[in-house]
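S.K.: just the structure for this:
(one chain, ligands or ions: 1)
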Amino acid sequence: MRMLSILLAATMLTLAACGGGSSTPTPTPAPAAPAASAQEVIAATLDVVMHDIYFGANNDNIANPPVWTVKAGQEVTLNLDNQGGLQHNWAVIKQGVEMPVPFMPDQNADLILWAAGVLDAGKKLSEPFPAPAEPGEYLVICTVAGHYPAMQGKLIVQ
Ligand SMILES: [Cu+2]
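M.R.: Alright, predicted model coming up:
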């Protein structure tokens with residue numbers, strides 16, 4: 001009996017000795033599917049529907065822009081669905097810039113932080129979108145000439 005307690009004590013000492021970092025669980029890579037507590041989980045997927053000439057369900061992007069929320073620096077899968085008869089784009093604009101009206105893709109390209117690229121009518125596209133590292137509110141527009149300001153949304157980076 002006594003021998004057993006010594007053994008146990010020795011085992012615990014050994015465990016304590018190599019404790020520190022090894023006692024904490026190793027962080028697992030970001031889960032592919034969010035856990036049940038979805039309240040705090042921001043989707044790593046953005047579904048964007050494009051129409052002529054607006055994003056989302058309603059043709060009132062100026063008054064009610066669709067809002068997409070991501071975490072800063074998050075690797076997001078952007079799913080674009082162009083249900084319109086025109087080409088459209090999904091472009092994040094740099095913060096603190098003066099927006100020209102109309103936006104001209106050739107002359108105003110330097111205002112774009114990140115763009116999906118022009119998507120043909122009726123096409124779908126999934127591509128990785130690296131969320132901005134800087135939290136804040138970003139303007140999202142369609143860069144096709146004449147589509148902004150009618151076609152716009154809001155990207156919130158948390
Ligand atoms: Cu457009």
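S.K.: can you pull out the strands in the chain?
M.R.: Under the criterion DSSP state E, the chain contains strands at 45-51, 54-55, 67-70, 75-82, 91-93, 112-115, 124-130, 136-141, 152-157.
S.K.: other residues contacting the second one?
M.R.: Applying CB atoms under 8 Å, 6 or more residues apart in numbering, the external contacts of strand 54-55 come out as 48-49, 60-61, 65-66, 90, 140, 142, 150-153. For the C-beta atoms, the positions are set from N, CA and C on the backbone; glycine is no exception.
S.K.: what is the least confident helix or strand in this protein?
M.R.: Lowest on mean pLDDT, DSSP states H and E among the helices and strands of the chain sits helix 2-17, with a mean of 44.
S.K.: and the strands of the chain, which is most packed in?
M.R.: strand 54-55 (a mean of 25; mean count of other CB atoms under 10 Å).
S.K.: list the pairing partners of it within its sheet, with orientation.
M.R.: strand 45-51 (antiparallel) (DSSP bridges).
S.K.: state the mean pLDDT of stretch 144-157.
M.R.: Computed over stretch 144-157, the mean pLDDT rounds to 97.
S.K.: could you do stretch 79-86 as well?
M.R.: pLDDT averaged over stretch 79-86 gives 98.
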